[in-house]
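Engineer: Sequence and predicted model, in that order:
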Amino acid sequence: MDVQIALMLAQDGLTNGAIYALLALALVLVFAVTRVIFIPQGEFVAYGALTLAMMQAGTVPATVWLLAGMGATAALIDGGLALRAGQTRRLVGVLGWNLGYPLGLAALLAALPVKDMPLAAQVLLSLAVVVPMGPLMYRLVFQPIAAAPILILLIVSVAVHVAMVGLGLLFFGAEGQRTPAFSDANLELGPLMVSGQTIWVVMSSVVLIVALYQFFERTLYGKALRATAINRAGARLMGISPSLAGKLTFFLAALIGALSGVLIAPITTIYYDTGFLIGLKGFVAAIIGGLASYPLAAVGAVLVGLLESFSSFWASAFKEVIVFTLIIPVLLWRSLTSRHVEEEE
Amino acid sequence: MRTDRLVQGLFVALLLVLPAVLAPFYVTLLNYIGLYALVALGLVLLTGVGGLTSFGQAAFVGLGAYTTAVLSTTPELPGWIAWAGASPWLTLLVGLVFTATVAVVVGSLTLKLSGHFLPLGTIAWGISLYFLFGTLESLGGHTGITGISPITLFGVVLDAGEKIYYLIWAFVMVAVFTTQNLLDSREGRAIRALKGGMVMAEAMGVDTSRSRMIIFVIAALHACASGWLYAHMQRFVNPTPFGLHIGIEYLFMAVIGGAGHVWGALVGAGLITVLKQWLQDILPRLLGSAGNFEAIVFGVMMVLVLQRAREGLWPVLKKLVPVKAPQKTIDPAADTLPRRDLPTAGEVILEARNVTRKFGGLVANNDMNLTVKAGEILALIGPNGAGKSTMFNQLSGVDTPTSGEVLFLGKPVAGRDSREIARMGMSRTFQHVRLLPTMTVLENVAIGAHLRGGKGVFHAAWRQDRAEEARLLKEAARQIERVGLGSHMYEEAGSLALGQQRILEIARALCSDPCLLLLDEPAAGLRLKEKEALGDLLRKLRAEGMAILIVEHDMDFVMGLVDRVVVMEFGQKIAEGLPDEVQRDPAVLEAYLGGV
């Protein structure tokens, strides 16, 4: 291996690492606030990328029907509650958000010449379809069992993942998709050719991470989420609604997932089930951070990205094995440093 | 005849007859159900009972299948392992040993961590192993290994579905009954305490890490046996059935069937297998394209089951069959457990020397000294926030003093874990009651006697522990009668009133045959009569030579009962002496009443 190849591999690793870092942040966030180990994170990556690909192919993305279905179910449950309580205004809100929004969006997608619109508009529309599934998922799946033990939440999370992969196959088919790059520019840095998409990915990750940091440090809702993560009961007593915190967290997680998908779709071919492996690598990073530390998780993500790109050069057949075996020394280290018998929640 | 035995007998009889009356297709389906049930049964033990979980069971199935496939098809095995190629039964042995080794390694990495690291670790390891099966040339890559020989049993070659059927279901039934036996034993109670009772179990001398490892290895061995059977039934293996999505399906089977119930594994395996068969048939036609769309149905079904009926289907089905497990019987003829020699009255049992505990700048205990002697009751009292609970934690070894030391029978307590301290003869109750609400009072109390038995998993699984079990139960029953809960012996512990639960904790502590009893607010929540009974019991124990330390708020209860009192305020001892003296002590009056 010469320097040029090494630099190229490092570039690849950093690009993927930036994505894993985003996913790891979302995973840590979701776990801290809701105690859900968010296995379907990867499906949002695939859904985001493939929804965009469907729009570019000129079809109304099937994901919008899933959104409508989830919305209808939520409208049925929440609308029924509002009706029984006699809250007409709430009923209007519930119906508007859960039924009006998905149907309006579907009508918009059918009416607009989405295929010929600029990429930025297509990306925004994809996010508009996929991201609201996050809070809806929380409402339908996790809110009714918010107090369940972590283990139950994890099993449910895996069940959601399984269902979403099946739906992904139904919506997108078994074919892989690749979307056009955000920019065709190439940057020459000494011996190294840096592609425009790489710069897009890394810059977007950095911007998103900084924005999240600002959100958590400076806004009331950010602080409410932090408070919930530290002490759920205490936050609740201070008037922070746990279901609002949950929906907001899932919104952020879905946003991060879908955006990651849109960003890497020009670099890697995305299949309906690709998201899971990508999400799991975010997990390895999050586990390096003990599912608690954001900076450690980000460092872990870059490490995973680099390990992956270099092992694909030396032993490409064993790439996945090497990456997933990485968590063994991490777990070992964590295991050796903790020796307390504690009760599970 | 016991009705439960009758129903189980009918079930076995039905299994025996089925192949004769069913078409080959259905026999094959039953074979798969049996293979899956074997794996799901391991998960019942691991997840439903033990509160741990694994998504990687399919990888263990793969280990079993590939071990036997490689060993029985490689023409020239290296010398050291060549003996195993002779018979599938030998490769089963090799597979089990190999799987147990892998499980111990994986387990020791993750089992000490909080519960969710194990499933995450098993996801990662499930994926790694799947890719490894697919990439290693020696394992045939994605095409797999063909030409595996059938199993021969008593000269019969099991080369057809309806022949291997009996072997598969024999394995399943053995697994069902050994698991049932195991759960109804000393080790089984320790395993059942893992979910929600680990701190208590450790204080009763249970090595919870060991118990977790035991169920993880047992679950892996069940999976390995299933893989071995699968390889010799199919006569070829490839990586597909050992991937992560199948591992997830195994967990679905256990959860949907009823993860806490042995028979739930069979129900879940049967339901998922039949449903999968049906959905694979109908869904592609309905949706107009091919693919494993049954995953959507399974995923949604799991979410609904866990939202609506977390215990799974078995408890619902069980109501349809009016079978009641018989009440445990106490054998009055069983030997009485040997007791430890109690120290002579007046001998110092527990001694705190200059114990100081600081939390940052806060001094919770400052230079505390106290002694507890055999045959005396010492009360530790003080207003709220005086540092009593911190002191209790130092004395019981839960926490370590910043300086100073605690000696129990002359040996330092610091640095020992709670089960070691329990073994030395210190037993305790908890301020916030810790018991297993769905187990009977008898079983809860019997956990206290854990260290007084020694029969392990194998003895329990094959019912070789009954003499010892009878002794343990007799002891537990004796302590229950002694504390006055005799009429509640077979009720669920969670159904008792709080005061009775505290008494149950005392019985459990007594069951460990201690020489020192630490009681944290035992009279809280008791009615007057119950308090009087408790006082009588403690007096009786004192007369036998037991040393007792009580942390208590109820002054009436304390003053009429104890021999000496230590009063704490602001982390310090402000008075010590006979109850009467202490009550007149000006410092004590000021602490309680704020100056006179």
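Structural biologist: Nice, thanks for sending it over. Numbering: from 1, shown residues only, chains lettered A, B, ... in the order given.
Engineer: only C-alpha atoms for contact and neighbour calcs from this point on.
Structural biologist: OK.
Engineer: Give me the distance between B:Phe458 and chain A.
Structural biologist: For B:Phe458, the distance to chain A equals 26 Å [CA to the nearest CA, to the nearest Å].
Engineer: How many residues are close by the closest residue to chain B within the stretch 201-345 of chain A?
Structural biologist: Using CA to the nearest CA, the single residue of the stretch 201-345 of chain A nearest to chain B is A:Val321, 4.4 Å away. Residues within reach of A:Val321, counting by other CA atoms under 10 Å in any protein chain shown, total 22.
Engineer: Am I right that it is in a strand?
Structural biologist: No - counting by DSSP: H, G, I helix; E, B strand; the rest coil, A:Val321 is not part of a strand but helix.
Engineer: what are the ranges of the strands in chain B?
Structural biologist: Applying DSSP state E to chain B gives strands spanning B:151-153, B:156-158, B:348-359, B:362-373, B:377-381, B:403-408, B:411-412, B:426-428, B:516-520, B:547-551, B:564-569, B:572-577.
Engineer: Count the neighbours of B:Pro332 for me.
Structural biologist: Considering only other CA under 10 Å, B:Pro332 is surrounded by 14 other residues.
Engineer: That one against B:Lys474, yeah?
Structural biologist: Yes - between B:Pro332 and B:Lys474 there is a contact under CA atoms under 8 Å: 6.9 Å.
Engineer: How about the contacts made by the spatially most central residue of chain B?
Structural biologist: Geometric centre of chain B, nearest residue: B:Ile191, 1.7 Å, by CA atoms, centre = their mean. Contact analysis of B:Ile191 by CA atoms under 8 Å, 6 or more residues apart in numbering or on different chains lists B:Val49, B:Gly50, B:Leu183, B:Thr208, B:Ser211, B:Arg212, B:Ile215.
Engineer: now, which of the residues you listed sits nearest B:Pro437?
Structural biologist: B:Val49 (13.7 Å; CA to CA).
Engineer: How about the residue of the stretch 101-250 of chain A found nearest chain B: what's its closest non-neighbour residue?
Structural biologist: Residue nearest to chain B within the stretch 101-250 of chain A: A:Ala163 (3.9 Å; CA to the nearest CA). Leaving aside its sequence neighbours, A:Ala163 sits nearest to B:Ile296 (CA to CA, 6 or more residues apart in numbering or on different chains; 3.9 Å).
Engineer: Please report how far that neighbour lies from A:Ser157.
Structural biologist: To A:Ser157, B:Ile296 is 13 Å away according to CA to CA, to the nearest Å.
Engineer: try B:Glu405
Structural biologist: B:Glu405 is 48 Å from A:Ser157, by CA to CA.
Engineer: Chain A contacts on the stretch 301-450 of chain B?
Structural biologist: B:Met302, B:Val303, B:Leu306, B:Gln307 (CA under 8 Å from any CA of the partner chain).
Engineer: how about those residues in a markdown table, adding pLDDT, neighbour count and distance to A:Tyr213?
Structural biologist: Listed next are these as a markdown table, based on pLDDT from 0 to 100; neighbours: other CA atoms under 10 Å in any protein chain shown; distance: CA to CA, whole Å:
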| residue | pLDDT | neighbour count | distance to A:Tyr213 |
| --- | --- | --- | --- |
| B:Met302 | 91 | 27 | 36 |
| B:Val303 | 94 | 25 | 33 |
| B:Leu306 | 91 | 20 | 35 |
| B:Gln307 | 92 | 17 | 34 |
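Engineer: Please, where are all the helices along the stretch 51-200 of chain A?
Structural biologist: With DSSP state H, counting those that start in this stretch, the ranges of helices along the stretch 51-200 of chain A come out as A:63-85, A:88-95, A:101-111, A:119-130, A:133-137, A:150-172, A:196-218.
Engineer: Please, which helix or strand holds the residue nearest in space to the middle of chain A?
Structural biologist: In chain A, the centroid-proximal residue (CA atoms, centre = their mean) is A:Gly257; its distance is 2.3 Å. Following DSSP states H and E, one finds A:Gly257 within helix A:242-264.
Engineer: Check what pLDDT residue 206 gets.
Structural biologist: I'll assume chain A. Model confidence at A:Val206, expressed as pLDDT, equals 89.
Engineer: actually it's chain B I care about, not the one you picked
Structural biologist: In this model, B:Val206 is scored at 93, pLDDT.
Engineer: Please report phi then psi for it.
Structural biologist: Per-residue torsions, B:Val206: phi -80, psi 130 (degrees, to the nearest 10).
Engineer: Distance check, it against B:Val199.
Structural biologist: Note on B:Val206: its distance to B:Val199, by CA to CA, is 9 Å.
Engineer: do the same with B:Tyr230
Structural biologist: Counting by CA to CA, the gap from B:Tyr230 to B:Val199 is 40 Å.
Engineer: Please apply the same query to B:Lys388.
Structural biologist: Remark: distance between B:Lys388 and B:Val199 (CA to CA) = 20 Å.
Engineer: avg pLDDT for stretch A:70-77?
Structural biologist: Mean pLDDT, computed over stretch A:70-77, is 95.
Engineer: re the thing from before, could I get the strands of chain B as CSV with mean neighbour count, mean pLDDT and distance to B:Lys531?
Structural biologist: Below are these laid out as CSV (neighbours: other CA atoms under 10 Å in any protein chain shown; pLDDT from 0 to 100; distance: least, CA to CA, whole Å):
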stretch, mean neighbour count, mean pLDDT, distance to B:Lys531
strand B:151-153, 16, 86, 65
strand B:156-158, 14, 85, 68
strand B:348-359, 20, 92, 26
strand B:362-373, 18, 92, 23
strand B:377-381, 25, 93, 16
strand B:403-408, 20, 92, 29
strand B:411-412, 14, 91, 34
strand B:426-428, 27, 93, 18
strand B:516-520, 24, 93, 14
strand B:547-551, 25, 94, 14
strand B:564-569, 23, 92, 19
strand B:572-577, 18, 91, 23
